[in-house]
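In: got a sequence here, can you build the structure:
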Amino acid sequence: TICVISNKIKGKSNVIIEAQGRVLAPGFIDIHTHCDWGMEQEETKGNLNYLMQGVTSVVTGNCGYGTGELISFKERFETNGIGTNMIPLTGFGWLRSQVIGNVDRAPTSEELEDMKSLFRKSLEQGSWGLSSGLQYVPEKYSTTEEIIEIAKGMSGTNRFYTTHMRSEEDELVEATEEAIRIASEANIPLNISHLKANGRKNWASMETVIRLVLQAQKEGLKITADMYPYDKSATSTLASVLLYPESLNLKTIVDIQNALANPIHREAIRSLTEKGRSGQTNWVAKGGWNYFSIVDAPENPDLVNRMFIDLAEEKGSTPFDIAADLVIDEGENLVISLSTMLESNLIKQMEEPWVMFSSDGSAVNPDDKGIHPRNYGSQARVLRKYIKEEKALSLEEGIFKMTGLPANTLGLKRKGLIKQGYSADLVMFDIENINDPATFLKPHQFATGIDYVWVNGILTVVKGSFNSSFAGKVLLTSNSAN
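Out: Here you go, the predicted structure:
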């Protein structure tokens with residue numbers, strides 16, 4: 001606990017930290033993570049990729065995945081120690097899978113009551129709210145009315161609904177309207193997860209989304225959103241987004257390259273890729289090539305950051321043929337981003353006072369493949385790029401979007417501010433030397449410029465190094481520590 005804040009503090013101390021020229025801020029709260037996927041493991045329980053950039057609390061269970069069995073959740077994670085606090089949400093997908101599995105159908109009235117009962121129990125155990133991921137199985141099979149009925153269980157509790165909406169692409173506006181309707185009819189606060197407009201033809205929709213939110217706020221609905229400060233989302237090899245007929249029996253990348261070089265087989269791959277295969281994620285079929293951009297092309301470095309639709313137009317070809325030729329040329333080495341956002345939209349979003357910063361990442365190992373740099377750099381990138389360099393936000397605004405605003409959104413009672421009686425979750429950093437060296441090609445690089453981090457009053461990062469103190473707690477709504 002923060003005991004005293006004063007220009008002159010009388011008394012003795014075992015440790016005095018020279019803070020001249022440094023910024024002392026509340027510990028950063030990342031409101032959208034999947035750190036429960038990694039912090040259970042011994043090698044990643046410290047959550048160092050977050051802790052080393054000043055994050056002291058991570059909200060988990062997002063996108064509908066969070067368990068509602070929170071007493072055992074708390075015991076499981078705290079038994080061996082964790083590096084940051086965890087703030088768990090209950091997943092709508094978890095509720096649905098527990099009761100009716102992953103099937104494509106509506107619940108019966110009895111099953112709906114069972115889901116509502118499970119959710120009530122999770123709230124009683126200390127859940128901070130309901131998360132959904134409506135682009136994923138089994139949640140994509142739900143109706144708006146079904147979600148409303150379950151979300152009503154939070155009405156009057158100060159818990160909130162946070163949603164990976166049904167679309168971040170072509171139906172972004174309709175998905176936003178649905179999210180607003182759910183919160184309005186359930187009479188609960190709404191948070192839009194990792195707010196984005198994905199794909200060139202959808203970039204202009206962000207203005208409409210912001211207008212819808214502002215109108216709903218004017219009508220009395222409490223709405224926030226979070227975003228990660230990157231214009232690209234998850235990455236994948238180009239070869240992996242193409243779909244291959246099973247009859248071709250392609251085992252290796254060389255088999256794939258040979259098939260793409262064969263005109264008949266190439267057309268079969270084109271047809272399946274653009275139509276999609278039942279029962280799996282079909283990246284191209286769900287929205288065309290409008291979303292994809294190139295992250296790494298060792299044999300064609302001039303193509304980095306280019307979009308397939310632009311390359312096709314320049315060469316008088318089709319995006320599929322551009323992709324097929326690149327797989328033939330590059331094999332598995334060409335990496336693409338599955339979502340491409342507009343940088344000016346990122347600025348527009350973060351300037352809104354109701355938008356927070358997040359990462360959509362998890363606790364990761366240096367050996368993990370396909371890691372997005374946001375896992376290591378989201379908060380540090382805000383400080384370095386958007387505050388210090390581009391001055392899109394003031395230092396105070398940027399820090400509030402990572403501290404006080406998420407604390408207010410969650411209803412955390414003693415976190416998010418430097419205030420007497422509040423939890424001593426703190427970060428001290430050098431704004432002049434802050435950096436986020438993690439890149440798409442070399443993501444496993446810790447943020448730099450973070451000098452000290454305290455979690456629950458315990459010093460855990462000293463002069464930029466982790467001191468092996470596992471001071472994190474699983475915070476439940478009933479915790480006195482929240």
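In: and the contacts of the helix or strand of the chain with the lowest mean pLDDT?
Out: The weakest-scoring helix or strand in the chain, judged by mean pLDDT, DSSP states H and E, is strand 235-237 (a mean of 88). Residues outside strand 235-237 that contact it (C-beta atoms under 8 Å, 6 or more residues apart in numbering): 283, 295, 332-338, 370, 372, 440. (C-beta placed from N, C-alpha, C; glycine too.)
In: run the last query once more with 6 Å
Out: For strand 235-237, contacts defined as C-beta atoms under 6 Å, 6 or more residues apart in numbering pick out 295, 332, 335, 337-338, 370.
In: next one: stretch 13-25
Out: Residues outside stretch 13-25 that contact it (C-beta under 6 Å, 6+ apart) are 399, 427-431.
In: show the end-to-end separation of it, please.
Out: 21 Å (C-alpha to C-alpha, to the nearest Å).
In: check which residues of it are buried.
Out: Neighbour counts over stretch 13-25 (16 or more other C-beta atoms under 10 Å) mark 22-23, 25 as buried.
In: hey, C-alpha coordinates of stretch 324-333 in CSV?
Out: Extracted C-alpha coordinates of stretch 324-333, given in CSV (Å, rounded to 0.1, in the frame of the first residue of the first chain):
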residue,chain,number,x,y,z
ALA,A,324,0.9,-18.4,-55.7
ASP,A,325,4.0,-17.1,-57.5
LEU,A,326,5.4,-15.8,-54.2
VAL,A,327,5.0,-19.2,-52.6
ILE,A,328,6.8,-20.8,-55.5
ASP,A,329,9.5,-18.2,-55.1
GLU,A,330,9.8,-17.9,-51.3
GLY,A,331,8.5,-21.2,-50.0
GLU,A,332,7.6,-21.0,-46.3
ASN,A,333,9.7,-17.9,-45.7
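In: how far out from the middle of the chain is that stretch?
Out: Put simply, stretch 324-333 sits 30 Å off its chain's centre (C-alpha atoms, centre = their mean, to the nearest Å).
In: roughly how far does Ser394 sit from Met428?
Out: 19 Å (C-beta to C-beta, to the nearest Å).
In: which one of the two has more residues nearby?
Out: Counted by other C-beta atoms under 10 Å, Ser394 and Met428 do not tie: Met428 has more neighbours, with 17 against 10.
In: I figured that one hits Val453, correct?
Out: No: Met428 is not in contact with Val453 according to C-beta atoms under 6 Å; the separation is 7.7 Å.
In: Asn375 in helix, strand or coil?
Out: State at Asn375, reduced to three classes by DSSP: H, G, I helix; E, B strand; the rest coil: helix.
In: helix or strand right after the least confident helix or strand of the chain?
Out: helix 238-241 (DSSP states H and E).
In: hmm, back to that, adjacent strands (with direction) for the least confident helix or strand of the chain?
Out: strand 335-337 (antiparallel) (DSSP bridges).
In: hmm, back to that, dump the contacts of strand 235-237 into JSON lines; add neighbour count as well.
Out: Listed next are the contacts of strand 235-237 as JSON lines, based on neighbours: other C-beta atoms under 10 Å:
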{"residue": "Val295", "neighbour count": "19"}
{"residue": "Glu332", "neighbour count": "14"}
{"residue": "Val335", "neighbour count": "20"}
{"residue": "Ser337", "neighbour count": "24"}
{"residue": "Leu338", "neighbour count": "16"}
{"residue": "Gly370", "neighbour count": "12"}
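In: how close does Gly398 get to Val427?
Out: 13 Å.
In: of the two, which one has the most company?
Out: Using other C-beta under 10 Å as the criterion, Gly398 and Val427 rank with Val427 on top: 27 against 21.
In: how far does the helix or strand containing the more buried one sit from its chain's centre?
Out: For Val427, the host element (DSSP H and E) is strand 426-429. For strand 426-429, the separation from the chain centroid amounts to 23 Å (computed by C-alpha atoms, centre = their mean).
In: quick check: next helix or strand after it?
Out: Downstream of strand 426-429, the next assigned helix or strand under DSSP H and E is strand 450-455.
In: export that next one as PDB, just CAs?
Out: What follows is strand 450-455, C-alpha atoms only, in PDB (Å, rounded to 0.1, in the frame of the first residue of the first chain):
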ATOM      1  CA  ILE A 450      11.800   0.800 -17.700                       C
ATOM      2  CA  ASP A 451      14.000   1.200 -14.600                       C
ATOM      3  CA  TYR A 452      11.900  -0.100 -11.700                       C
ATOM      4  CA  VAL A 453       8.600  -1.900 -11.200                       C
ATOM      5  CA  TRP A 454       6.700  -2.600  -8.000                       C
ATOM      6  CA  VAL A 455       3.900  -5.200  -7.800                       C
END
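In: quick one: mean pLDDT for the helix or strand that that strand is followed by?
Out: Along the chain past strand 450-455, the next helix or strand (assigned with DSSP H and E) turns out to be strand 458-462. Strand 458-462 carries an average pLDDT of 97.
In: need the three-state assignment for Trp94.
Out: Strictly by three-state DSSP, Trp94 counts as helix.
In: since we're on the nearest residue to it once chain neighbours are set aside, how many residues are nearby?
Out: Using C-beta to C-beta, 6 or more residues apart in numbering and skipping the chain neighbours, the partner closest in space to Trp94 is Thr67 (5.6 Å). The number of residues packed near Thr67 is 20, by other C-beta under 10 Å.
In: and what of Ile253?
Out: Neighbour tally, Ile253, other C-beta under 10 Å: 15.
In: quick one: contacts for it?
Out: Per C-beta under 6 Å, 6+ apart, neighbours of Ile253: 331-332.
In: now Ile87. Nearest residue, chain neighbours left out?
Out: Per C-beta to C-beta, 6+ apart, closest to Ile87 is Val59, 4.6 Å.
In: looking at this, that neighbour is in a helix?
Out: No: using three-state DSSP, the assignment for Val59 is strand, not a helix.
In: name the nearest residue to Phe470, sequence neighbours excluded.
Out: Phe470's closest residue in space is Gly81 (C-beta to C-beta, 6+ apart), at 3.1 Å.
In: over to that neighbour: give its phi and psi.
Out: Phi and psi for Gly81, reported as degrees, to the nearest 10, are phi 90, psi 140.
In: what's the distance between it and Lys473?
Out: 10 Å.
In: what does Asn249 give?
Out: 52 Å.
In: the more surrounded of those two?
Out: Legend: neighbour count by other C-beta under 10 Å for Asn249 and Lys473, higher for Lys473 (20 against 9).
In: what sits closest to the more buried one if chain neighbours are left out?
Out: Asn85 (5.4 Å).
In: what's across from that neighbour in the sheet?
Out: Under the criterion used (DSSP bridges), Asn85 bridges to Ser57.
In: which residues touch it?
Out: 57, 472-473, 475.
In: what would those look like in CSV with pLDDT and distance to Ala106?
Out: Below are these laid out as CSV (pLDDT from 0 to 100; distance: C-beta to C-beta, whole Å):
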residue, pLDDT, distance to Ala106
Ser57, 98, 37
Gly472, 98, 40
Lys473, 97, 39
Leu475, 98, 35
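In: just the closest of the residues you listed to Ile322, please.
Out: Ser57 (43.8 Å; C-beta to C-beta).
In: hang on, isn't that closest one packed against Asp30?
Out: No: contact criterion C-beta under 6 Å: Ser57 and Asp30 do not qualify, at 7.3 Å.
In: tell me which of those two has more neighbours.
Out: Neighbours per residue (other C-beta under 10 Å) separate Ser57 from Asp30, with Ser57 holding more: 31 against 28.
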